[in-house]
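A.B. asks: sequence first, then the predicted structure:
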Amino acid sequence: MNYENYDPSFPDQPVVDLYLPLWANLPAFKSKPAFIWLRDDSTNGSTTSLTYSQLNDSVDSISSHLLIPLQRGDTVVVLCTPGLELVEIIFACQRAGLLCVPISPPDPSFSKENHHHLVRVLAQTKPKAAIATRGYIAKVHRYVTSSNDTKLAHLLQNLTWIATVDVKNGEVVNSNVDHSSYNGCGADEVYLIQYTSGATGIPKPVLVTAGSAAHNVRTARRAYDLHPNSVIVSWLPQYHDCGLMFLLLTIVSGSTCVLTSPLAFVKRPRLWLEMISNFNATCTPVPSFALPLVVKRGGVEKGTSAINLHTLRNLIIINEPIYKFRVEEFLNVFRPFGLNPSAISPSYGLAENSTFVSTSWRSLGNYKKGTSFPDFPCHNKLLPSARLDDEDEDIEIVIVNEETLEPVKDGIEGEILVSSPSNATGYLGHPSLTHEVFHGRLSDKANRCFVRTGDRGVIKGEERFLFVTGRCVDVIKLENNEEIHAHYIETAAFKSCPRFLRGGCLAAFKVGDKIVVVAEIQGNYEKEVGVLRRICEGVWKDERVEIGMVVLVESGCVPKTTSGKVQRWAAQENLVGGKMRVVMEVSFGDEMRTKDGEEKEGLGRKEKAVENEHKDHKL
């Protein structure tokens, strides 16, 4: 069904929530699905959905119920699992004028040390209330009455707990909501605390205004040419960054979004392909590190339903760095299933800019001159994430010297700075860091504030393509004063032994004067001591970098963010602190250690067996 009432000049709204009632009151949209949820355990395509009219009515009702125990401006932490209920709560908080902090709910037993982020959130944001299911709240109360962890118990006990079923189904009494005018979050008000991923350090609370978020998704809507006939598919976490942005982007575009949980994708990557095929999706985001997982475990020949990707117009690839060979591999596998190379949309974003920054994709229908994959240029194996020759007037991206903040010439790598109305306002409780990161000034552009992204990049070519090359803090200094990004070492190490190493589960960093590679092992590694040698040889062959130590660890040891990014800083801390389950390690010029203390040979170094419990292990 086409929704042809859509007016291309549909007026932009100052906040995202104001789009919802406008769509809901259009005759063609009342029964149109805004969000469709595919159940995690669905084997027969079981779904639930919310039309624009249903979502608007639900958001209106929930926001009214929330303002019975709460007041406008209060902070609430949302502890709901992925699903349509979480979508309703997020939009309802904005309409109620509440400051929303959505996070992934840890197991309410809090027994697996998975609650540290919750402690951080509660201590930093000081919410008045928490929203969760009735069952989750009951388990939290049991924990509070029996726990010896006084800090967490005290934080939980001081919250007003609101059950989702109560705000969705209860009767409204004494509501202080005035329906004669919009009383939700204004454009200049902070409506969301979005934590950074934690890829380069402890997650930080980013303050996002409702106006910045609206500008951000309007910019993304134009960049990807989305409209009411677009169908979005996403399995990304809905709590922050790209997963949350696509909820807002759906409403701004008047499109339909089909959702499932990250866990459902990890369990069965083919589910993502089936969703694209069954719902005729036109747009879907995917982290670059997930592409090889889909190639390996996508099971295109194993399912009962056919894979058909011909409707896909935007395969939005996120999470830099974006390697060209990974995209080529994915394209070669799925081109026979209808995947068009022109759909490849490498993109860049970060929490400090609400999420979206740019894409190198260009709609051939909107431009006389169009370049698409595989015609994208390549820089040091990477694809570009923006082209700056047609940059929006209110958005500016520059590359500067990290030390002086002076702009560098095209072709020179430096730190990426972004000035945009999408910029967040700062970090909660970190005034000095806020000034440093969110108030960057250039000598020739003193009237503009720039966000220092902490990412490195380079601009090349006539169309001024931006290549995001890596994180500033993850750059490794070599003995010859040259530098290399850690991801190049990790990629080369994995390519050397793909059968025995887990893809995306390697971390490279420097400890003292040694470059260390930590890699999670899989398969029958015990008969493959040569893995250690091949890692070193592979890195030398591809990058001409000498590795000082290789550490093979058990599955799950390399720490990652909730969005799947490797936390190199945390891996280094864990290794140095003896907190990794080490299987085997070698320090060149030193000794080789194995989990069971056996002697191993074949590395051309002096080796001896040692007892290796790793309880007091130090590099």
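C.D. replies: Yes, it's here.
A.B. asks: tell me the pLDDT at the spatially closest residue to P228 that is not a sequence neighbour?
C.D. replies: What sits nearest to P228 in space, not counting adjacent residues and going by CB to CB, 6 or more residues apart in numbering, is G254, at 3.9 Å. (Each C-beta comes from the backbone N, C-alpha and C, glycine too.) You'll see G254 listed with a pLDDT of 95.
A.B. asks: tell me where the stretch 151-300 of the chain has strands.
C.D. replies: Applying DSSP state E, counting those that start in this stretch to the stretch 151-300 of the chain gives strands spanning 160-163, 190-195, 205-209, 231-234, 256-259, 283-287.
A.B. asks: okay, the angle between the second one and strand 205-209?
C.D. replies: Compare the direction of strand 190-195 with that of strand 205-209 by axes from the mean of the first three to the mean of the last three CA atoms, to 10 degrees and you get 150 degrees.
A.B. asks: now strand 190-195 - C-alpha only, PDB.
C.D. replies: What follows is strand 190-195, C-alpha atoms only, in PDB (Å, rounded to 0.1, in the frame of the first residue of the first chain):
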ATOM      1  CA  VAL A 190      17.400  18.000  27.800                       C
ATOM      2  CA  TYR A 191      15.100  15.000  27.200                       C
ATOM      3  CA  LEU A 192      17.600  12.200  27.000                       C
ATOM      4  CA  ILE A 193      20.800  11.100  28.800                       C
ATOM      5  CA  GLN A 194      22.600   8.900  26.300                       C
ATOM      6  CA  TYR A 195      25.700   7.100  27.600                       C
END
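A.B. asks: on that earlier part again, closest to A424 out of the strands of the stretch 151-300 of the chain?
C.D. replies: Between A424 and the strands of the stretch 151-300 of the chain, the tightest spacing by CB to CB is seen for strand 205-209, at 4.8 Å.
A.B. asks: correct me, but T561 touches A570?
C.D. replies: No: here T561 lies out of contact with A570, judged by CB atoms under 8 Å, at a distance of 9.4 Å.
A.B. asks: joint contacts of those two?
C.D. replies: G198 (CB atoms under 8 Å, 6 or more residues apart in numbering).
A.B. asks: quick check: beta-bridge partners of T51?
C.D. replies: As for beta bridges, T51 partners with P33 under DSSP bridges.
A.B. asks: so who does it touch?
C.D. replies: 29-34.
A.B. asks: could you redo the last one with a cut-off of 6 Å?
C.D. replies: 31-33 (CB atoms under 6 Å, 6 or more residues apart in numbering).
A.B. asks: could you do V333 as well?
C.D. replies: Neighbour list for V333: V295 [criterion: CB under 6 Å, 6+ apart].
A.B. asks: and it, what element?
C.D. replies: helix 324-334 (DSSP states H and E).
A.B. asks: do you know how far S104 is from V558?
C.D. replies: The spacing between S104 and V558, counted by CB to CB, to the nearest Å, is 19 Å.
A.B. asks: the more surrounded of those two?
C.D. replies: Each of S104 and V558 has its neighbours counted (other CB atoms under 10 Å); V558 has more, 24 against 17.
A.B. asks: my guess is that one contacts A507. True?
C.D. replies: Yes: contact status for V558 versus A507: in contact at 5.3 Å, counting by CB atoms under 6 Å.
A.B. asks: now do the shared contacts for these two.
C.D. replies: Shared contacts of V558 and A507, defined by CB under 6 Å, 6+ apart, are found at A571.
A.B. asks: pLDDT value on S587, please?
C.D. replies: So S587 comes in at 85 (pLDDT).
A.B. asks: now do the contacts for the nearest residue to it once chain neighbours are set aside.
C.D. replies: Leaving aside its chain neighbours, S587 sits nearest to M549 (4.5 Å; criterion: CB to CB, 6+ apart). If a contact means CB under 6 Å, 6+ apart, then M549 has 514, 516, 587 as its contacts.
A.B. asks: need phi/psi at the second one.
C.D. replies: This means V516. As for V516, its main-chain torsions (degrees, to the nearest 10) stand at phi -110, psi 140.
A.B. asks: heads up, I number from 613, so please use that
C.D. replies: Shifting the count to begin at 613 puts that one at V1128.
A.B. asks: what sits against it?
C.D. replies: With CB under 6 Å, 6+ apart, V1128 has these contacts: 1121, 1161.
A.B. asks: and what of the first one?
C.D. replies: With CB under 6 Å, 6+ apart as the criterion, the residues that contact K1126 are 1160-1161.
A.B. asks: which pLDDT value goes with it?
C.D. replies: Looking at K1126, its pLDDT stands at 93.
A.B. asks: pairing partners for it in the sheet, please.
C.D. replies: Taking DSSP bridges as the rule, K1126 bridges to V1123.
A.B. asks: now the end-to-end length of stretch 760-778.
C.D. replies: 30 Å (CA to CA, to the nearest Å).
A.B. asks: how close does the residue nearest to S1199 sit to Q1134?
C.D. replies: Distance of M1161 to Q1134, given as CB to CB: 20 Å.
A.B. asks: kindly report the same for D669.
C.D. replies: For D669 relative to Q1134 (CB to CB), the value is 49 Å.
A.B. asks: would you mind finding the longest strand in the protein?
C.D. replies: Criterion DSSP state E: the longest strand present in the chain is strand 1057-1072.
A.B. asks: buried residues, stretch 1103-1118. List them.
C.D. replies: Of all the residues in stretch 1103-1118, those buried under the rule 16 or more other CB atoms under 10 Å are 1103-1109, 1112-1118.
A.B. asks: which ones among those are found in helices?
C.D. replies: Secondary structure from DSSP state H places 1103-1108 of these in helices.
A.B. asks: would CSV of those residues with pLDDT and distance to Y935 be doable?
C.D. replies: Compiled in CSV, those are given as follows (pLDDT from 0 to 100; distance: CB to CB, whole Å):
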residue, pLDDT, distance to Y935
T1103, 96, 7
A1104, 97, 11
A1105, 96, 14
F1106, 96, 11
K1107, 94, 11
S1108, 94, 16
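A.B. asks: export the residues you listed as CSV, with columns for distance to I930.
C.D. replies: Shown next, in CSV, are these (distance: CB to CB, whole Å):
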residue, distance to I930
T1103, 18
A1104, 23
A1105, 23
F1106, 20
K1107, 22
S1108, 27
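A.B. asks: which one of those residues sits closest to Q769?
C.D. replies: Distances from Q769 to those, taken as CB to CB, are shortest for F1106 (46.0 Å).
A.B. asks: list the contacts of that closest one.
C.D. replies: By CB under 6 Å, 6+ apart, the residues touching F1106 are 1113, 1115, 1118.
A.B. asks: rank those residues by pLDDT and give me only the lowest.
C.D. replies: By pLDDT, G1115 ranks lowest within those, coming in at 90.
A.B. asks: write the PyMOL selection for whichever of the contacts of T663 are buried.
C.D. replies: Remark: buried members of these, expressed as a PyMOL selection using 16+ other CB under 10 Å:
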select buried, resi 644+645
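A.B. asks: could you dump the contacts of T663 into JSON lines with pLDDT added?
C.D. replies: Below are the contacts of T663 laid out as JSON lines (pLDDT from 0 to 100):
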{"residue": "S643", "pLDDT": "94"}
{"residue": "K644", "pLDDT": "96"}
{"residue": "P645", "pLDDT": "97"}
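A.B. asks: ok so, going back, which residues does the residue nearest to S1199 bridge with?
C.D. replies: Here M1161, judged by DSSP bridges, has bridge partners V1128, S1199.
A.B. asks: and for stretch 1060-1070, what's in contact with it?
C.D. replies: If you take CB under 6 Å, 6+ apart as the criterion, stretch 1060-1070 is touched by 962, 964, 1011, 1025, 1028-1031, 1035, 1049-1052, 1078-1082, 1084.
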